[in-house]
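# I'd like to go over a predicted model; first the sequence, then the structure.
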Amino acid sequence: YKYLNPICESLSANDIVQKGPGAIFFTTVFIETRDQVWRCDAADASAKRAACSAQKGTHQETDGCGCKSQRTVYPIGVEEIDVVFSHAFRTTPEAGTLHGSSDRTADHGGVRLDTTFTYKNGTTQDFVGGKESVKIRLLDLLQQAEIESLDDLNTNVPSDMSDTTKQPMYRTTGASLSLGIIYSNKVKDGVLQVEPRNPTVHATIHSEPARDHPGWAGWGSQTFYLDWSTGESGDETFDKLTRYRQGIVITYAARGRIYWWDEVAFLNMLIAAIVLLNFCRTLTDLIVFNLPSSLTGGLTSVLARKRSERVNRKGAFAALGLKAAVGARDFDKLDVDNDGKVNFCDLVKVFGNVELVNYDQAVRIAKTIMADAGVDTREGSG
C-alpha cells in the first residue's frame, strides 16, 4: 500500500468510529481511492478531465473516459475520543446466581456493579454503577497498553520497503488492544471478604496489546457510490469512493472470579476425592500384585504371599497350640520362685538380670505390665 498525498482532516465521530460484535474500531488513517467513469461525449466531459488533473488523478480512456485518484487522510484528534460503554455479568447457580450491570442500580434487580480504571500515572477513577457510564479516553487506554502516542514508531512491523531507515507510526499502522473487564467479589485492596458469601461484585478495566495481532490493524475497506453505475459496459457512468482503513481495534475480553461457599458442591467434591483415593489404592494393588516377578525382582511374589494366606481349621488350632506351648515354656522362666505364679517381684527380678536396666526402671516396667493385667502393683504383692 502506498500512502500518497497525505492530508489531515477534521471528521465527525461517525466517520471515525465503528462498532462490531464485542469490539470497536477507531480509524486513524485511510487510503481514499476515487474511480470516476463518464461518457466521452458527455457535455461536462472536459470539465471532468480538468477536475481529474486538479486532484492529481490518472486519466483513463478504456471503455469510456474516466479518472482514478488517491489520497491519504489522517483524521484529527482520534486519540481524544472517549470510549463509552456499559457491561454486565451473570454467574452460575454454583456461585449464587448473581447478576448486575454497570448502567443499572441494585433497585432494578441484581447487584450494583461499580467499575475502576487505573491510569498509567497510578491514579484511579471509579464509575458508580447506575449513576454514570464508563467513559475512558482512547489515549489513556493506549498509554495503559504501553503506547504513549499514536505518533510513536511501531517497531512490531517491518520498515518501509522503499526506505528501510523509515519506520511507520502507530497512527499509520494502527494497533490491536485487548480491553479486559475483570470481575471479582474481593474487596478493592485484594483481600477476600470474611463472610463465605459476598454478593458485592466489582469490575476493573485493564488494557493491553493483543498478543495475536502485534502488527498492522484495521477493519479493511468501505465502498461508497457517489453516483450509482448506469449504462452498459463502454457506455456507463459511475463515481465510486473506496476507503481502506487502518486504526485502533479494541476487543472486549470479560473474565474474573467469584468466590462463593457452596455446601453441596463441597460435599460432592469430598465424596469424589474419597472415591478417587479408593480407586488409586485399587489401581496400585492391581499393578504391584499382578506385575510379572521378573520385572520386580521377585517382590511381587513375596507381597502376594503376604497379602493372602490360605488357612483351615486344623491349621489354625495347631498354630494356637504351638503358641500355647511356647507360652508355657516361657512361664517357667518368668516364675523365678517356682510358686506357679508370675507376680510383680518375679517381673522385677527378670528385668533386673538385664545389664542396662536398673532397679527403678525394672520396677516401672513391672508395674506397667501388672497394671494392664488389673493386678495390684504394690511392691511385694503376688
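Now that the structure is in, tell me what you want to look at. Predicted, not measured: the structure shown is a model, and the values here were computed from it.
# Pick out the residue nearest the middle of the protein.
R255 (7.4 Å; C-alpha atoms, centre = their mean).
# That one is in contact with S184, isn't it?
No - using C-beta atoms under 8 Å, R255 makes no contact with S184, being 9.9 Å away. Backbone N, C-alpha and C define where each C-beta goes, glycine included.
# what residue ranges in the stretch 201-350 of the chain are flagged as low confidence?
213, 233-234, 306-309 (pLDDT under 70).
# where's the closest residue to F89 other than its chain neighbours relative to D346, distance?
Distance criterion C-beta to C-beta, 6 or more residues apart in numbering; nearest residue to F89, sequence neighbours excluded, is Y183 at 5.1 Å. Separation of Y183 from D346 (C-beta to C-beta, to the nearest Å) stands at 78 Å.
# Over to I81?
Here I81 is placed at a distance of 102 Å from D346 (C-beta to C-beta).
# cool, G215 as well?
G215 is 95 Å from D346, by C-beta to C-beta.
# Between those two, which has more neighbouring residues?
D346 (19 against 12; other C-beta atoms under 10 Å).
# so after the helix or strand harbouring that one, what's the next helix or strand?
In this structure, D346 sits in helix 344-352 according to DSSP states H and E. Counting by DSSP H and E, the next helix or strand C-terminal to helix 344-352 is helix 359-372.
# C-alpha coordinates for that following helix, PDB please?
Extracted C-alpha coordinates of helix 359-372, given in PDB (Å, rounded to 0.1, in the frame of the first residue of the first chain):
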ATOM      1  CA  TYR A 359      16.100 -51.200  89.600                       C
ATOM      2  CA  ASP A 360      13.900 -48.200  89.200                       C
ATOM      3  CA  GLN A 361      13.400 -49.000  85.500                       C
ATOM      4  CA  ALA A 362      12.600 -52.600  86.300                       C
ATOM      5  CA  VAL A 363      10.000 -51.600  88.800                       C
ATOM      6  CA  ARG A 364       8.300 -49.200  86.400                       C
ATOM      7  CA  ILE A 365       8.200 -51.800  83.700                       C
ATOM      8  CA  ALA A 366       6.800 -54.400  86.000                       C
ATOM      9  CA  LYS A 367       4.100 -52.000  87.400                       C
ATOM     10  CA  THR A 368       3.000 -51.200  83.800                       C
ATOM     11  CA  ILE A 369       2.600 -54.900  83.000                       C
ATOM     12  CA  MET A 370       0.700 -55.800  86.100                       C
ATOM     13  CA  ALA A 371      -1.500 -52.700  86.000                       C
ATOM     14  CA  ASP A 372      -2.500 -53.600  82.500                       C
END
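# Mean confidence (pLDDT) on that helix, please.
Mean pLDDT, helix 359-372: 85.
# Could you shift the numbering so residue one becomes 215, and keep it that way?
Happy to do that; since the first residue is 215 now, the last one works out to helix 573-586.
# what about the helices in the stretch 315-464 of the chain?
Counting by DSSP state H, counting those that start in this stretch, the segments of the stretch 315-464 of the chain that form helices are 352-358, 384-387.
# Please read the previous query as pertaining to the stretch 465-596 of the chain.
For the stretch 465-596 of the chain, the helices defined by DSSP H, counting those that start in this stretch cover 477-504, 507-510, 513-521, 527-548, 558-566, 573-586.
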